[in-house]
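Colleague: quick check, what structure comes out for this input:
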Amino acid sequence: MTSVTVEPRSPPSPGWESLEAITRFAGADYERAVLYPEDDRYLLERDDRVRHYDQQT
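Modeller: Model prediction:
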């Protein structure tokens, strides 16, 4: 079996401190998925859109 180590490119949830931080990362259309060419090696299917939720603690 082959193991793969993937280093995160962005903070894991709940690492986003604000919607503004998400917009800085993803751009003005922050609900459009940010994907990289190498993601095809790891994803079985791709979503073009994402959803963001407020997490109450």
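
Colleague: now do the contacts for the residue nearest the centre of the chain.
Modeller: Computing the C-alpha centroid of the chain and ranking residues by CA atoms, centre = their mean puts V34 first, at 6.3 Å. If you count contacts by CB atoms under 8 Å, 6 or more residues apart in numbering, V34 has them with F25, A26. Quick note: C-beta positions are derived from backbone N, CA and C, even for glycine.

Colleague: now with 6 Å?
Modeller: The contact partners of V34, by CB atoms under 6 Å, 6 or more residues apart in numbering, come to A26.

Colleague: which SS state does it fall under?
Modeller: coil (DSSP: H, G, I helix; E, B strand; the rest coil).

Colleague: show me where pLDDT drops low in the protein?
Modeller: 1-15, 57 (pLDDT under 70).

Colleague: again, 80 this time
Modeller: For the chain, the stretches with pLDDT under 80 are 1-16, 54-57.

Colleague: mind listing the helices for it?
Modeller: Assigned by DSSP state H, the chain shows helices spanning 19-26.

Colleague: hang on, the earlier thing: gap between the residue nearest to the centre of the chain and Q56?
Modeller: Distance of V34 to Q56, given as CB to CB, to the nearest Å: 25 Å.
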